[in-house]
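>>> No sequence on hand, only this structure:
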């Protein structure tokens, strides 16, 4: 709100020389100085003021306007030219004279500051002041997002006389020229000298403007406290006290008294300094080093300053802060003299008024700022109040401006460079002098009288800036060009920019001389870093190793010394090598670099070791320059080797058997998902020594794999080139998979391969693309000297329509195609393989008829005996095998004794089909040179061909002979068409089955035993004896009949041959069985189970009827019949044909009478 105030008088003490007291009066008009402040008064710039300096001697009481005082009158005429200067200011700024004094304390923000650790260490501060914070609120406010809709556009300020005069006050020459600052020197009253007191200034009654004293609030005076003056000394007024008729009630003045005492020497009490350790200027912990040196950051008296700022907005405490700025002094540790860092030369010309120039002690001002993202109505003082980088703290850095190419300017205030040089490895001390509102304050030669926590801050100045990166000649592209490999490389000495180059001992003239070369090189000016004397060279190669922090791995590290401040020339020795890790690190001479690899040189300048010079040892390592280089190899022989047992291998996989629901549930519960232990993909992975994950093939841990596949497979190669994923787990079944397995005999960093070309029978079937990455399996302590290449070619084994299956004979050619063809290279690899037939015959057996085939009837010439006839089952099929390389095969599925012979008619369980007993061949593996192993043919019996293409003989089942008792039974057979003349797999051997039951082979031969004595002739034979599992099943009473037929041999009428005439037939009676089945098959009992005999008389009578003599030769045979429920009495003659003949023995000669 507008105030009635027109003039304020502030006295600022300067010094006491033992007699006179020096002070500077700030006479601050609050209205237009070129206009009368009230009717009847003259303008400020046209008034010769007469002041009363009133000394009040009681320090225990605040001075009042009516207090007893010693008055010293001072006449202060208007400075000449004051009106002209103000007119020139008005013309320059367009001042709005209607704006008068206002009270800005209402609604003012809180002024806060972050107390950095350096201040806390210096003072032990623990966060007691609400305006001085130790938490992270300042950092949060800096990072806080800007509220939506916030505008940073600021309207042009409206200039008032208050704003302009505030700026005039900051220019000492101008402030005195317009009469704002008026210096006085008076003899101090004796009582003041002895006991101290107060000084305030007012207008002498009756003098110009003294009428303001009668206007309420128009004239304000403030008092300065004067300490007892026991000796000459500098004086300072940090705070001023209001002068009124009576002290303001309810105001606590203790802090103001303390401050006026502690700071009456004009020096800061808690000075702190630090060097930023990292790029973030506010961070105190270690981090990334700064790109340029920010010098030494300084601060002081945080609690007091933030308290003073907030007091200016206190409605109750009318105690103006007397400090405008701060003067910083420096000295090198170990020296006595202080040097001001705020010395400056100023020259002021305003309009036609030339105020001349002067070398003055200037100041550093501290002002709060609003942070755009902080919505808490706070204004922040900076964490550190100043920073020294070597030049003066005042004005612009002329050298920095020159280096940046800025136009030369003549500033109103130009800082004077200090004689103290800021150099690395040295230690410095700092102190801070206060500057009052009139520009007064202690001189650089003054010494503080009052102590404090840390009036002087010491710091060891160390180099925090890394050496910069080097430049190279020739300039190489970011992607190395293998067609133009460099043979040498010139590496520059790294440059150190401003101001670090001066801090390291460089000179400004040398730096200015680099401006022109820097412009040509489009870089900032700099000097060769005087601290750098070596270059570290790390030779790296790109590698596909997963999980590494970089794609590049180091081979070796060497260091080379710089020749003075000049560049360093590196020579390259390109070497063809299988393993880049075998290259030696030579301390001198050419750098050994591997060919056919992406090589990267890490060029790092190294600073020489110096004690107490660097902020940390890591600073010695400069910025690393990465230089990619590459050269092609001239000799790439011995590149590929056979990766397994053979160069190529064939695999044929059978589909997995469907798993039961219970099995799948158990596997899911065990955490195995839907994967089977023995599925096709798992079998293939095991055969190729790979790992299987879901539907993918991957390398085993510790191996690097590059894989490819033919187009017949539904698959996807992973982005890392190290995995092959199939659409389903059965996609690779019932195909011949020919795996090409190779070892790439180069370490992982070698990438000269563009792709591996695989051709079958002269036609490309696929490629293995070279990969610059690796699967995660290649992590860890893997052998990195080789990689595995696998290509899976798929061949459909099914024959073309109308053709018969035949073995496949593919031949392969494997050619490595390199990115750049070398001078020497191995020829392409070749291999051939024979793959057996996997397709079973399509023909299905069809049986047309069957029967028993008998060998021809053979007898001896005398017709006394005949041979046993050979028998076999013959089979007639609808056609011969369609494929001339196929045959008919049979196998027994089941057998059982003839139930008629056992006299047992109990139900027999159904006989399930038994799978063909061949190798299931879940995976069939074929290598080149492998021969026909007749796989599967041992599982069946090939039918014996006959003279007819459609008729075949069925051999006896394996393990049975013509005399085996198991032939008294029936057999269930399976017939198939199978391969014979071609190589096939076991699963591809036989076609579909034809099942035929009730096949009976010829029963075992029937033997006829004949004995003869003088009294009789006896014939014996064994009854049919069915067995099961080696146990006889013949009933106690045989179900068959044995008949003996006795013949007499006679000559044919023409004597051309012999004939046998039947003498008679007899039924053989079974012998009494004492222990049925105990004798076992083939025992003594079986040789003479049935018996019949003729007496000699019966034989003689029979011969006589035939007109034959009693000595006629005789023969005999036995017939075994199967009678029905009612046997026929004469089934061999009268009822011939009514009973089945089971067996007939050969004709047996009757021996002579013994």
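In hand now; what should we look at? Note that the coordinates shown come from a computational prediction; the quantities given were computed from them, not determined experimentally.

>>> Going by C-alpha atoms from here, please, whenever you check contacts or count neighbours.
Will do.

>>> Direction included, what does the helix or strand harbouring residue 52 pair up with?
Assigned by DSSP states H and E, residue 52 belongs to strand 49-56. Counting by DSSP bridges, the strands paired with strand 49-56 are strand 70-76 (antiparallel), strand 197-203 (antiparallel).

>>> residues contacting residue 394?
341-344, 362-364, 413-416 (Cα atoms under 8 Å, 6 or more residues apart in numbering).

>>> Could you export the strands paired with strand 49-56 as CSV, including mean neighbour count?
Formatted as CSV, the strands paired with strand 49-56 follow (neighbours: other Cα atoms under 10 Å):
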stretch, mean neighbour count
strand 70-76, 16
strand 197-203, 25
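
>>> what's the closest of those to residue 694?
strand 197-203 (94.1 Å; Cα to Cα).

>>> got the contact list for that closest one?
9-11, 49-59, 63, 209-210, 221-228, 243.

>>> What mean pLDDT does it get?
Across strand 197-203, the average pLDDT comes to 97.

>>> Ok, stretch 888-895 next?
95.

>>> one step back: narrow the contacts of strand 197-203 to just the buried residues.
In the contacts of strand 197-203, burial by neighbour count holds for 9-11, 49-59, 63, 209-210, 221-227, 243, counting by 16 or more other Cα atoms under 10 Å.

>>> Could you tell me the per-residue confidence at residue 669?
As predicted, residue 669 sits at a pLDDT of 67.

>>> same thing with residue 745?
Value for residue 745, per-residue pLDDT: 95.

>>> residue contacts, it?
By Cα under 8 Å, 6+ apart, the contact list for residue 745 reads 578, 638-641, 785-787.

>>> how far away is residue 761 from residue 552?
Taking Cα to Cα, to the nearest Å as the measure, residue 761 falls 41 Å from residue 552.

>>> So these two - more neighbours on which side?
Comparing residue 761 with residue 552 by neighbour count (other Cα atoms under 10 Å), the higher total belongs to residue 552, at 18 against 12.

>>> so the more buried one makes contact with residue 540?
Yes: counting by Cα atoms under 8 Å, residue 552 does reach residue 540; the two are 5.8 Å apart.

>>> what touches both of the two?
In contact with both residue 552 and residue 540: residue 600, using Cα under 8 Å, 6+ apart.

>>> And for the closest residue in space to residue 544 that isn't next to it in sequence, the neighbour number?
Of all residues not flanking residue 544 in the chain, residue 773 sits nearest, at 4.2 Å (Cα to Cα, 6 or more residues apart in numbering). Around residue 773 there are 20 other residues, counting by other Cα under 10 Å.

>>> can you check residue 716 too?
Neighbour number of residue 716 under other Cα under 10 Å is 15.

>>> My guess is it contacts residue 725. True?
Yes: Residue 716 sits in contact with residue 725 when judged by Cα under 8 Å, with a separation of 5.2 Å.

>>> What distance do you get for residue 807 to residue 610?
81 Å.

>>> How about residue 279?
Applying Cα to Cα to residue 279 and residue 610 gives a distance of 23 Å.

>>> And for residue 771?
Here residue 771 is placed at a distance of 47 Å from residue 610 (Cα to Cα).

>>> So which of the two has more stuff around it?
Set residue 771 next to residue 610 and count neighbours by other Cα under 10 Å: residue 771 wins out with 18 against 11.

>>> For that one, give me its contacts.
Counting by Cα under 8 Å, 6+ apart, residue 771 has contacts 706, 720-721.

>>> what does residue 338 give?
Neighbour list for residue 338: 329-331, 444-445 [criterion: Cα under 8 Å, 6+ apart].

>>> What residue, apart from its backbone neighbours, is nearest it spatially?
If the residues on either side of it in the chain are set aside, residue 338 comes closest to residue 331, at 5.2 Å by Cα to Cα, 6+ apart.

>>> which SS class is residue 510?
helix (DSSP: H, G, I helix; E, B strand; the rest coil).

>>> isn't it right next to residue 527, touching?
Yes: Residue 510 lies in contact with residue 527 (Cα under 8 Å); the separation is 7.4 Å.
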